[in-house]
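# give me coordinates for this.
(one chain, ligands or ions: 2)
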Amino acid sequence: MSEVVEMLQTARRIFAASHIDPDGDAIGSLLGFTWIMRRLGKTVTPALADAVPWRFCKLPGAAEIAAVKPSPDDDLLVSLDASDQSRLGSVLTADDIGERPLLVIDHHVTNTRFGAVNLIDPTAASTAEMVCLLGEELGAPIDEASATCLLTGVVTDTLGFRTTNTTPRVLEVAQRLMQAGANLPEIARGAFNNQSYASLRLTAEALNKMQLEDGVVWTELTQEMLKRLEIGPGDAAGIVGYLASVREADAAVVFRERDDGRIDISMRSKPGLNLAPVALSLGGGGHPQAAGATLPLSMSAVRERVIAELKRAVAAHRTQTVGEKA
Ligand code: 5GP
Ligand code: MN
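Ligands and ions are numbered 1, 2, ... in the order given. Have a look, this model is predicted:
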């Protein structure tokens, strides 16, 4: 029996948390894990420092997610889809963890292994995929609630089974989740064909300001834009996907001014250009083709630094690709 399975089997009260600025995999893996462990008779508290974006509010259990810290009675802490401890935000700080056992479940190649026990699988396309496999290892029945949450994580992190890390195993997991009652077309429509008028207006403004240089395409979202259009949590996350589709660009980046003044950067790359080292060098993290960071600098300073780094990465990637073809 693996250490992870034993840790989960012996736990009685579990505090589970995922990352700030939650996306579909943060919420899907958190809630899927919550339902699986509840089916095994555990008491589980799902926590997130930031609000659940409206598009995921109807997931089973979403209304229960709160910005709470662990209680003294919780005997196991679990982190899902967070590549480092700071990504958990206010719900689980280093002080909150203290000497308590922390299990980290994650698929980021940049994961810092900040738990007492770390289940890290960078070959998994989503943390939800890992939770599904873990649930099966635990012998837990996957019901419609957990399947719906987990398939949401699988579908959103693979952009609807289109990312380079979409393996046969992803499709096998998705098939089992559908068989357990998850509605794939509804999840896909809710994730991708569903946005507010304001967020499409924001996309229009962002695309209007888009620039392309040396294989790097970028745009920026200022607080003025976000406030004027009343953009809510998660409602700007899709813009980088439009930029990443530009044929002439190997790297795409969206700079977003947060309400605390820090700049959030969201990056995407063509297959073969690894963004994970770029994100790490900026103090962030992520995957080879999708990564990010948050920098406490001005918009212009961040833009200058990140675009320079991405231009270097694109140039190196192009030299290497030419070399491979020669
Ligand atoms: P996105 O661009 O969709 O916000 O994030 C892409 C990937 O980069 C995700 O896997 C996300 O977890 C990671 N990421 C985004 N922003 C940050 C950040 O500020 N810090 C860290 N460590 N990872 C980030
Ligand atoms: Mn993920």
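# and the nearest residue to Phe56 once chain neighbours are set aside, what's its pLDDT?
Spatial nearest neighbour of Phe56, chain neighbours left out: Ile27 (4.7 Å); criterion: Cβ to Cβ, 6 or more residues apart in numbering. Yep, even glycine has a C-beta here, placed from its N, CA and C like the rest. For Ile27, the model assigns a pLDDT of 98.
# quick one: residues contacting Ile27.
Residues in contact with Ile27 (Cβ atoms under 8 Å, 6 or more residues apart in numbering) are Ser18, Leu48, Val52, Pro53, Phe56, Leu59, Ala62, Ile65, Cys149, Thr152, Gly153.
# between those, which is nearest Gln85?
Nearest to Gln85 among these, counting by Cβ to Cβ, is Ser18 at 12.5 Å.
# look up how far Leu207 lies from Val173.
As defined by Cβ to Cβ, to the nearest Å, Val173 lies at a distance of 34 Å from Leu207.
# try Leu151
Distance of Leu151 to Leu207, given as Cβ to Cβ: 30 Å.
# which one of those two is surrounded by more residues?
Using other Cβ atoms under 10 Å as the criterion, Leu151 and Leu207 rank with Leu151 on top: 30 against 12.
# same for the helix or strand hosting the more buried one, what does it pack against?
Take DSSP states H and E as the rule and Leu151 turns out to sit in helix 144-157. In terms of contacts (3 or more Cβ pairs under 8 Å, 6 or more residues apart in numbering; DSSP states H and E), helix 144-157 is packed against helix 24-39, helix 127-137, helix 168-179, helix 184-192.
# show me the contact partners of whichever helix or strand Tyr242 is part of.
Using DSSP H and E, Tyr242 sits within helix 239-244. Helix 239-244 has contacts (Cβ under 8 Å, 6+ apart) with 159, 202-203, 206-207, 210, 217-219, 221, 249, 252-254, 266-269.
# in the stretch 201-326 of the chain, which residue sits closest to ligand 2?
His287 (8.0 Å; Cβ to the ion).
# state the pLDDT value of that residue.
At His287, pLDDT is 97.
# doesn't Asn165 make contact with it?
Yes: using Cβ atoms under 8 Å, His287 is in contact with Asn165, at 7.3 Å.
# which one's more surrounded, the two?
Higher neighbour count among His287 and Asn165: His287, with 24 against 18, using other Cβ under 10 Å.
# show me what contacts the more buried one?
His107, His108, Val109, Pro122, Asn165, Leu275, Ala276.
# the same query, at a cut-off of 10 Å, please.
83, 107-110, 122, 125, 157, 163-165, 268-269, 274-276, 279 (Cβ atoms under 10 Å, 6 or more residues apart in numbering).
# would you mind listing which of those are buried?
83, 107-110, 125, 157, 163, 165, 268-269, 274-276, 279 (16 or more other Cβ atoms under 10 Å).
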